[in-house]
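1. Return a 3D structure for these sequence lines:
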Amino acid sequence: RSRGLGDVYKRQLPRSPFGLRLILFTAFLKYGLCLPVNKVCKLLNTTYQLRISEGGICSMMNSLANTFEGEYETLKTELKNLAAVNVDETGWKNDGNNCWLWNFIGEKISFYHIQKSRGRKVPLGILGEDFKGIVTSDFWSAYNRFDNTQKCWVHLLRLSKKIEHKNKDCKLLHSKLKRILREAVEVKEKFRSKKKLEECRQKFEQRIDKWIKKSSTNKDCKRLLKLLDKNYHSLFVFVTEDVSWHNNSCERSIRHPVIMRKISGGSKSLRGCRVTSINLTMLQTIRDRGMDFIEDGAKIASGQLSLG
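-> Okay, the predicted model is just below:
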């Protein structure tokens, strides 16, 4: 028995010689603090005199993921029924090969999913082709299959800022985009009438439409205007709906696995990708709900075991 970790050798998970609290604490070290497996081994040995091999740590994480898998699938179902979801993706490594870590943020849900593909089948597979909510995202084409989307203005202004110095057309376009966003945010804060907000949204879209029709000699400006042409109906959804004009929540949420990837190098197998997806989802979702990962995570895991 180790102080603070309960009975570390009490079998509480199938095919695991270790206690549930120890396994959850180890998962917190690996996924919450982004420690590589060898550092987790060293910490447990130094602090708690527990000699556990790197293979033992991986086995613990696999057992935990098996236990959490039912709850993970439940969260996936809950995502499909939400009114709004933020989505983003970032690179991941699986045994040195390129993969993608997808992040879906909903109300008190942070859902991670690692896949080989960066294509539209992934978000459609998670949310469903008949998803009725609003998807907030950047301008990656994989999200265009959803009927109701809000594009991230931070990404848009980043693109316009990048070409601002090219010529007068680019500089003017960047200035106009900043101004119209500021006006749209002010309108959202000022009015409560749905009818008034709908009128304002239409006017904003009409202004963008006029800009699109103006020609430019600069190829970068033309490219950005083409992007606006494809997406201007998705720029002002936030004016009439209860969503944000940016995707910052997803941007912040995805930074954590990026740090993990840089430290550990990613996963070593497809099963490892699945284990990371499940455990990272449970850790972050439990945090989002204002709960303690070890105490409340143990209750959720025990509940899943009783169902099994």
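
2. Count the residues that sit near residue 107.
-> When counting by other C-beta atoms under 10 Å, one arrives at 12 neighbours for residue 107. In this view, the C-beta of every residue, glycine as well, is placed from N, C-alpha and C.

3. what sits against it?
-> Residues in contact with residue 107, defined by C-beta atoms under 8 Å, 6 or more residues apart in numbering, are 82, 84.

4. could you measure it against residue 141, distance?
-> Distance, residue 107 to residue 141, using C-beta to C-beta, to the nearest Å: 26 Å.

5. before we move on, what about residue 83?
-> Residue 83 is 24 Å from residue 141, by C-beta to C-beta.

6. Settle it for me: which of the two has more neighbours?
-> residue 83 (13 against 10).

7. Can you mark which positions in whichever helix in the chain runs longest are buried?
-> For the chain, the helix with the greatest residue count under DSSP state H is helix 54-80. Residues 56-69, 71-72, 75-76, 79 are the ones in helix 54-80 that count as buried (16 or more other C-beta atoms under 10 Å).

8. How many neighbouring residues does the residue lying closest to residue 187 once chain neighbours are set aside have?
-> Excluding its sequence neighbours, the residue lying closest to residue 187 (C-beta to C-beta, 6 or more residues apart in numbering) is residue 200, at 4.7 Å. Using other C-beta under 10 Å, residue 200 is surrounded by 21 other residues.

9. Sticking with residue 200, tell me its helix or strand.
-> helix 194-213 (DSSP states H and E).

10. Residues contacting that helix, please?
-> Under the criterion C-beta under 8 Å, 6+ apart, residues 173, 176, 180, 183-184, 187-188, 191, 225, 228-229, 232-233, 235-237, 239-240 lie in contact with helix 194-213.

11. In CSV, could you pull the C-alpha coordinates for the helix or strand that it is followed by?
-> The first helix or strand that comes after helix 194-213 along the chain, using DSSP H and E, is helix 219-231. Output in CSV follows, covering the C-alpha atoms of helix 219-231 (Å, rounded to 0.1, in the frame of the first residue of the first chain):
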residue,chain,number,x,y,z
LYS,A,219,-2.9,36.7,-57.1
ASP,A,220,-2.9,36.4,-53.3
CYS,A,221,-5.8,38.9,-53.1
LYS,A,222,-7.7,37.0,-55.8
ARG,A,223,-7.1,33.7,-53.8
LEU,A,224,-8.5,35.2,-50.6
LEU,A,225,-11.5,36.7,-52.4
LYS,A,226,-12.2,33.3,-53.9
LEU,A,227,-12.1,31.8,-50.4
LEU,A,228,-14.6,34.5,-49.3
ASP,A,229,-16.8,33.7,-52.2
LYS,A,230,-17.0,30.0,-51.1
ASN,A,231,-17.6,30.8,-47.5
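
12. quick one: helix 219-231 to helix 194-213, angle?
-> 150 degrees (axes from the mean of the first three to the mean of the last three C-alpha atoms, to 10 degrees).

13. What helices and strands are in contact with helix 219-231?
-> Counting by 3 or more C-beta pairs under 8 Å, 6 or more residues apart in numbering; DSSP states H and E, the packing neighbours recorded for helix 219-231 are helix 153-163, helix 168-190, helix 194-213.

14. distance between the second one and the chain's centre?
-> In this case it means helix 168-190. Distance of helix 168-190 from the chain centroid (C-alpha atoms, centre = their mean, to the nearest Å) equals 27 Å.

15. again, but for stretch 299-307
-> Computed by C-alpha atoms, centre = their mean, the separation of stretch 299-307 from the middle of its chain amounts to 26 Å.

16. Buried ones in that stretch, by neighbour count?
-> Neighbour counts over stretch 299-307 (16+ other C-beta under 10 Å) mark 300, 301, 304 as buried.
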